[in-house]
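>>> next comes the sequence, and after it the predicted model I'd like to discuss.
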Amino acid sequence: MLALFETMFEIIRLRKGPDAIPHSPVVFAITMTLWLAAGLIMTIMTPELGQHDFLIGTFTGLCGLSCYAGIIMVTGNKPRLLQTVTAILGCGAILSLLFVAGNVFLSPFLSKNITSLVATLILLWSIPVEGHIIARAINRHWYVGIVAAMAVFFLQLFVYSLIDPVEPQSVTAEAVE
(Lines give C-alpha, C1' and ligand atoms only; values in the text may rest on other atoms or scores of the structure.)
Protein backbone atom coordinates (compact mmCIF):
# COMPACT_ATOMS: atom_id res chain seq x y z
CA MET A 1 0.00 0.00 0.00
CA LEU A 2 2.87 2.35 0.80
CA ALA A 3 4.31 1.71 -2.67
CA LEU A 4 1.00 2.79 -4.20
CA PHE A 5 1.05 6.07 -2.25
CA GLU A 6 4.67 6.68 -3.23
CA THR A 7 3.76 6.10 -6.88
CA MET A 8 0.82 8.51 -6.60
CA PHE A 9 3.11 11.18 -5.13
CA GLU A 10 5.55 10.63 -8.00
CA ILE A 11 2.66 11.12 -10.46
CA ILE A 12 1.59 14.29 -8.61
CA ARG A 13 5.17 15.52 -8.97
CA LEU A 14 4.91 14.69 -12.72
CA ARG A 15 7.73 12.16 -12.53
CA LYS A 16 5.74 9.03 -13.36
CA GLY A 17 2.69 8.25 -15.44
CA PRO A 18 -0.34 6.02 -15.06
CA ASP A 19 1.67 3.11 -16.44
CA ALA A 20 3.36 2.95 -13.01
CA ILE A 21 0.03 1.98 -11.42
CA PRO A 22 -0.80 -1.75 -11.35
CA HIS A 23 -3.54 -2.83 -13.77
CA SER A 24 -5.80 -4.17 -11.05
CA PRO A 25 -9.51 -3.89 -10.23
CA VAL A 26 -8.60 -4.23 -6.54
CA VAL A 27 -6.25 -1.22 -6.70
CA PHE A 28 -8.98 0.67 -8.58
CA ALA A 29 -11.51 -0.16 -5.83
CA ILE A 30 -9.07 0.97 -3.14
CA THR A 31 -8.39 4.29 -4.87
CA MET A 32 -12.10 4.85 -5.57
CA THR A 33 -12.81 4.32 -1.87
CA LEU A 34 -9.94 6.64 -0.94
CA TRP A 35 -11.26 9.28 -3.40
CA LEU A 36 -14.75 9.13 -1.90
CA ALA A 37 -13.36 9.22 1.65
CA ALA A 38 -11.15 12.21 0.81
CA GLY A 39 -14.15 14.04 -0.62
CA LEU A 40 -16.14 13.28 2.50
CA ILE A 41 -13.29 14.43 4.77
CA MET A 42 -12.94 17.62 2.73
CA THR A 43 -16.67 18.25 3.07
CA ILE A 44 -16.66 17.66 6.82
CA MET A 45 -13.53 19.73 7.48
CA THR A 46 -14.53 22.71 5.31
CA PRO A 47 -17.25 24.72 7.08
CA GLU A 48 -18.53 26.25 3.83
CA LEU A 49 -19.31 22.82 2.36
CA GLY A 50 -22.25 20.57 3.09
CA GLN A 51 -23.69 17.21 2.06
CA HIS A 52 -25.15 18.78 -1.08
CA ASP A 53 -21.65 19.93 -2.13
CA PHE A 54 -20.25 16.43 -1.58
CA LEU A 55 -22.89 14.91 -3.85
CA ILE A 56 -22.43 17.54 -6.56
CA GLY A 57 -18.64 17.28 -6.31
CA THR A 58 -18.79 13.51 -6.63
CA PHE A 59 -21.10 13.79 -9.64
CA THR A 60 -18.89 16.36 -11.38
CA GLY A 61 -15.84 14.22 -10.60
CA LEU A 62 -17.51 11.24 -12.26
CA CYS A 63 -18.37 13.45 -15.25
CA GLY A 64 -14.68 14.34 -15.53
CA LEU A 65 -13.68 10.68 -15.32
CA SER A 66 -16.18 9.91 -18.08
CA CYS A 67 -14.59 12.55 -20.29
CA TYR A 68 -11.13 11.13 -19.67
CA ALA A 69 -12.39 7.62 -20.37
CA GLY A 70 -13.87 8.89 -23.64
CA ILE A 71 -10.55 10.46 -24.63
CA ILE A 72 -8.74 7.20 -23.91
CA MET A 73 -11.27 5.14 -25.86
CA VAL A 74 -11.32 7.50 -28.87
CA THR A 75 -7.53 7.48 -29.10
CA GLY A 76 -7.47 3.67 -29.10
CA ASN A 77 -5.80 3.23 -25.71
CA LYS A 78 -8.47 1.12 -24.02
CA PRO A 79 -5.91 -1.18 -22.31
CA ARG A 80 -4.69 1.85 -20.32
CA LEU A 81 -8.14 2.88 -19.10
CA LEU A 82 -8.09 1.16 -15.70
CA GLN A 83 -4.61 2.42 -14.79
CA THR A 84 -5.41 5.95 -15.95
CA VAL A 85 -8.67 6.22 -14.03
CA THR A 86 -6.98 4.71 -10.98
CA ALA A 87 -4.17 7.28 -11.22
CA ILE A 88 -6.62 10.19 -11.58
CA LEU A 89 -8.69 9.02 -8.61
CA GLY A 90 -5.68 8.33 -6.40
CA CYS A 91 -3.96 11.61 -7.18
CA GLY A 92 -7.24 13.48 -6.73
CA ALA A 93 -7.71 11.88 -3.32
CA ILE A 94 -4.21 12.81 -2.20
CA LEU A 95 -4.61 16.40 -3.43
CA SER A 96 -7.95 16.65 -1.61
CA LEU A 97 -6.33 15.45 1.61
CA LEU A 98 -3.48 17.94 1.13
CA PHE A 99 -6.13 20.65 0.69
CA VAL A 100 -7.66 19.69 4.04
CA ALA A 101 -4.25 19.47 5.72
CA GLY A 102 -3.33 22.90 4.35
CA ASN A 103 -6.52 24.40 5.73
CA VAL A 104 -6.17 22.73 9.12
CA PHE A 105 -2.47 23.30 9.71
CA LEU A 106 -2.02 26.72 8.11
CA SER A 107 -5.13 28.47 9.41
CA PRO A 108 -3.77 28.97 12.98
CA PHE A 109 -0.65 30.69 11.60
CA LEU A 110 -1.78 32.53 8.48
CA SER A 111 -4.67 34.76 7.54
CA LYS A 112 -7.80 33.21 6.09
CA ASN A 113 -7.03 34.70 2.65
CA ILE A 114 -3.53 33.25 2.47
CA THR A 115 -4.70 29.88 3.76
CA SER A 116 -7.47 29.84 1.15
CA LEU A 117 -4.99 30.79 -1.57
CA VAL A 118 -2.63 27.96 -0.64
CA ALA A 119 -5.50 25.46 -0.46
CA THR A 120 -6.86 26.63 -3.82
CA LEU A 121 -3.42 26.30 -5.43
CA ILE A 122 -3.21 22.73 -4.13
CA LEU A 123 -6.54 21.90 -5.77
CA LEU A 124 -5.62 23.71 -9.00
CA TRP A 125 -2.48 21.56 -9.22
CA SER A 126 -4.88 18.76 -10.20
CA ILE A 127 -5.13 20.30 -13.70
CA PRO A 128 -1.47 19.76 -14.67
CA VAL A 129 -1.48 16.41 -12.85
CA GLU A 130 -4.53 15.15 -14.76
CA GLY A 131 -3.12 16.61 -17.98
CA HIS A 132 0.14 14.76 -17.39
CA ILE A 133 -1.72 11.52 -16.71
CA ILE A 134 -3.86 11.81 -19.85
CA ALA A 135 -0.93 12.82 -22.05
CA ARG A 136 1.06 9.81 -20.87
CA ALA A 137 -1.95 7.50 -21.26
CA ILE A 138 -2.57 8.49 -24.89
CA ASN A 139 1.11 8.95 -25.84
CA ARG A 140 0.80 12.62 -26.71
CA HIS A 141 2.82 15.70 -25.82
CA TRP A 142 2.12 17.20 -22.37
CA TYR A 143 0.35 20.23 -23.78
CA VAL A 144 -2.34 17.99 -25.33
CA GLY A 145 -3.01 16.59 -21.87
CA ILE A 146 -3.09 20.07 -20.32
CA VAL A 147 -5.62 21.25 -22.90
CA ALA A 148 -7.75 18.17 -22.23
CA ALA A 149 -7.52 18.66 -18.45
CA MET A 150 -8.44 22.35 -18.74
CA ALA A 151 -11.40 21.49 -20.95
CA VAL A 152 -12.59 18.86 -18.45
CA PHE A 153 -12.08 21.32 -15.57
CA PHE A 154 -14.23 23.97 -17.26
CA LEU A 155 -16.85 21.37 -18.14
CA GLN A 156 -16.98 20.32 -14.49
CA LEU A 157 -17.37 23.96 -13.41
CA PHE A 158 -20.17 24.37 -15.94
CA VAL A 159 -21.97 21.23 -14.74
CA TYR A 160 -21.54 22.32 -11.12
CA SER A 161 -23.01 25.75 -11.91
CA LEU A 162 -25.97 24.13 -13.69
CA ILE A 163 -26.73 21.95 -10.70
CA ASP A 164 -26.03 24.57 -8.02
CA PRO A 165 -26.33 28.06 -9.50
CA VAL A 166 -25.04 30.98 -7.46
CA GLU A 167 -27.83 33.29 -6.48
CA PRO A 168 -27.04 36.98 -7.00
CA GLN A 169 -26.60 38.99 -3.84
CA SER A 170 -29.17 41.68 -3.32
CA VAL A 171 -27.95 45.15 -2.52
CA THR A 172 -29.49 46.61 0.59
CA ALA A 173 -29.42 50.17 1.86
CA GLU A 174 -27.16 49.04 4.73
CA ALA A 175 -24.60 47.57 2.34
CA VAL A 176 -24.45 50.77 0.31
CA GLU A 177 -23.77 52.93 3.37
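Great, that's in hand. Residues are numbered from 1 along each chain as shown.
>>> so Met136 makes contact with Ala20?
No Met there; residue 136 is Arg. No: if you go by CB atoms under 8 Å, Arg136 and Ala20 don't touch, sitting 9.3 Å apart. For glycine as for every other residue, the C-beta is placed from the backbone atoms N, C-alpha and C.
>>> out of the two, which sits in the more crowded spot?
Arg136 (22 against 17; other CB atoms under 10 Å).
>>> so which strand or helix has the more buried one?
Element membership for Arg136 (DSSP states H and E) is helix 126-137.
>>> and what of Phe54?
With elements taken from DSSP H and E, the one containing Phe54 is helix 51-74.
>>> and the next helix-or-strand element following that helix, which residues are buried?
Once the chain leaves helix 51-74, the next helix or strand it forms, by DSSP H and E, is helix 81-106. Residues of helix 81-106 classed as buried: 81-100, 102-103, 106 (neighbour count, 16 or more other CB atoms under 10 Å).
>>> model confidence over helix 81-106, on average?
For helix 81-106, mean pLDDT rounds to 93.
>>> next one: Val26 from Met1, what distance?
Distance of Val26 to Met1, given as CB to CB, to the nearest Å: 11 Å.
>>> contacting residues for the residue positioned nearest the centre of the chain?
Geometric centre of the chain, nearest residue: Gly92, 4.1 Å, by CA atoms, centre = their mean. By CB atoms under 8 Å, 6 or more residues apart in numbering, the contact set of Gly92 is Trp35, Ala38, Gly61, Ser126, Glu130.
>>> pLDDT weak spots in the chain?
167-177 (pLDDT under 70).
>>> how many neighbours does His52 have?
By the criterion of other CB under 10 Å, His52 has 11 neighbours.
>>> now it: how far from Val152?
As defined by CB to CB, His52 lies at a distance of 22 Å from Val152.
>>> swap in Asn103?
25 Å.
>>> now swap in Ile134 and tell me
Ile134 sits 9 Å away from Val152, going by CB to CB.
>>> any residues in contact with both of these two?
Shared contacts of Ile134 and Val152 (CB under 8 Å, 6+ apart): Tyr68.
>>> settle it for me: which of the two has more neighbours?
A count of neighbours by other CB under 10 Å puts Ile134 above the other of Ile134 and Val152, at 29 against 24.
>>> thought that one was touching Val147?
No: at 9.5 Å, Ile134 does not count as touching Val147 under the criterion of CB under 8 Å.
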